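In: What follows is a predicted structure for the sequence shown.
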Amino acid sequence: MSRGVLDLVGNTPIIKLRNVTPDRGAEVWLKYEAGNPTGSYKDRVAMSVLNNAISRHDVSPGDTIVEYTGGSTGSSLAFVSAALGLKFVAVFSDAFSQSKQLTMEAFGAEVIVEESYGKGITPELIERMKDRAMSLCDDANAYYVDQFGSSDVTVGYEPMGQEIADALDCDVDLLCASVGTGGALMGTWQGLVKSGSKVSVVAFEPAQSPFLTTGKGGAHKVEGVGVGFEPPFLDRAVLSEIRTVDQEMGFAMCRRLAKEEGVFCGASTGLNVAGAIEIAKEMEPGQKVVTLACDSGLKYLGGNIYT
């Protein structure tokens, strides 16, 4: 049975990078999630969380849902809410791309903006956004999506791992990606494992906010990752390693990907590819490293990357 526009979520391509990778070392493959309706893999989790909430009768068409967001999850929630007949209120900040605010509003969301006071993305800002969202739920009797706690998050990302396994015949040596909630990395890994892949896992974080490696967060400009606290879905026991990647390397990689591969992406993807290439240099020819192209570069025009 058709779900209408929601049928467009998922089944995205996987691309072998050829021009930005080193001459020797492992292959680097990129799961290209910009092919989703809002240009982000967050469409997968938004659909999982809201469909399951409806199935449990936690929400019904016409109800209001609330989440704090840097904009990619918010854009996806706004899109899926519009498709399912829900009202969406987003707590956002001017530290993130204005294009994401405009996208949420285009889908009919109400967007409440918390000021960053020019300090960028900081743990204090994230906590303030969360508090605002929680207070809105209390005041409006709305449903809190809880992207940092809902078990539906990792479930929503599992098909991404299954699609990778199908495309590469389960021949994947290492999966790596930067983490926000940790849901995408863990859900993709779970999908790979359930498909029969035996794969190592490496997590990345911005060098400017090395909470996972040092216990100390910091201000940075890579939207969607490096939240400054322990990612709730990240299972450290699964990880082979956690590495830092300088955000400027990530931004530079975004520009290289666009010019040399024709891949137009956001900052977290640049971080992912920069980190994946460093790992690939340490591996053998013929081995495969897979990382994630989280979203489209269209979300970041006029920001820190493509200026």
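Out: Perfect, thanks for sending it.
In: which residues sit in contact with N51?
Out: Listed by CB atoms under 8 Å, 6 or more residues apart in numbering, the contact set of N51 reads L84. Glycine gets a C-beta too; all of them are placed from N, C-alpha and C.
In: is it true that C176 touches N272?
Out: Yes: between C176 and N272 there is a contact at 6.9 Å, judged by CB atoms under 8 Å.
In: which residues do the two both contact?
Out: Common neighbours of C176 and N272, using CB under 8 Å, 6+ apart, are F204, T291.
In: remind me which residues of this structure are low pLDDT?
Out: Counting by pLDDT under 70, the chain contains low-confidence residues at 1-2, 139-140.
In: Longest helix of it, counting residues only.
Out: helix 123-140 (DSSP state H).
In: Next, the residues that contact it from outside, please.
Out: By CB under 8 Å, 6+ apart, the list of residues contacting helix 123-140 reads 64, 66-69, 89, 91-93, 95, 112, 114, 116, 119, 142-144, 217, 227-229.
In: Contact partners for G226?
Out: I121, S178, G180, E205, P206, Q208, S209, F211, G217, H220.
In: Count the residues that sit near the third one.
Out: Looking back up the chat, that one is G180. 27 (other CB atoms under 10 Å).
In: so it is in which element?
Out: Using DSSP states H and E, G180 maps to neither a helix nor a strand.
In: doesn't G228 make contact with it?
Out: No: assessed by CB under 8 Å, G180 is found out of contact with G228, at 10.5 Å.
In: that older thread, can you name the two of the contacts of G226 that are farthest apart?
Out: Within the contacts of G226, G180 and Q208 form the most distant pair, 14.8 Å apart (CB to CB).
In: what sits opposite T291 in the beta ladder?
Out: Taking DSSP bridges as the rule, T291 bridges to L30.
In: Can we start the residue count at 54 from this point?
Out: Sure, I'll start numbering at 54, so the last one becomes T344.
In: That one and L238, how far apart?
Out: 10 Å (CB to CB, to the nearest Å).
In: same question, E335
Out: Distance from E335 to L238, by CB to CB: 19 Å.
In: Which one of these two is surrounded by more residues?
Out: L238 (31 against 10).
In: so the more buried one, which of the three states?
Out: Under the three-state scheme (DSSP: H, G, I helix; E, B strand; the rest coil), L238 adopts helix.
In: That one: what's it in contact with?
Out: Contacts of L238 (CB under 8 Å, 6+ apart): L228, A230, V232, V254, A256, L287, L345.
In: So which residues of the stretch 54-203 of the chain form strands?
Out: Taking DSSP state E, counting those that start in this stretch to define them, one finds strands in the stretch 54-203 of the chain at 67-69, 80-85, 117-121, 140-146, 163-167, 196-197.
In: Quickly find the element holding P212.
Out: Using DSSP H and E, the element containing P212 is helix 205-220.
In: what's the angle between that helix and strand 80-85?
Out: Angle, helix 205-220 to strand 80-85, by axes from the mean of the first three to the mean of the last three CA atoms, to 10 degrees: 130 degrees.
In: List the buried residues for helix 205-220?
Out: 205-218, 220 (16 or more other CB atoms under 10 Å).
In: Filter the contacts of L238 down to the ones in strands?
Out: Here DSSP state E is the test, and the contacts of L238 give L228, A230, V254, A256, L345 as lying in strands.
In: in the sheet, who's paired with the third one?
Out: Right, the one you point to is V254. L228.
In: OK, contacts around it?
Out: V254 makes contact with L227, L228, C229, L238, W242, V291, L292, S293 under the criterion CB under 8 Å, 6+ apart.
In: which residues does the second one contact?
Out: By that I understand L228. G214, L238, T241, W242, L245, V252, S253, V254, V255, V342, V343, T344.
In: Great, nothing more from me.
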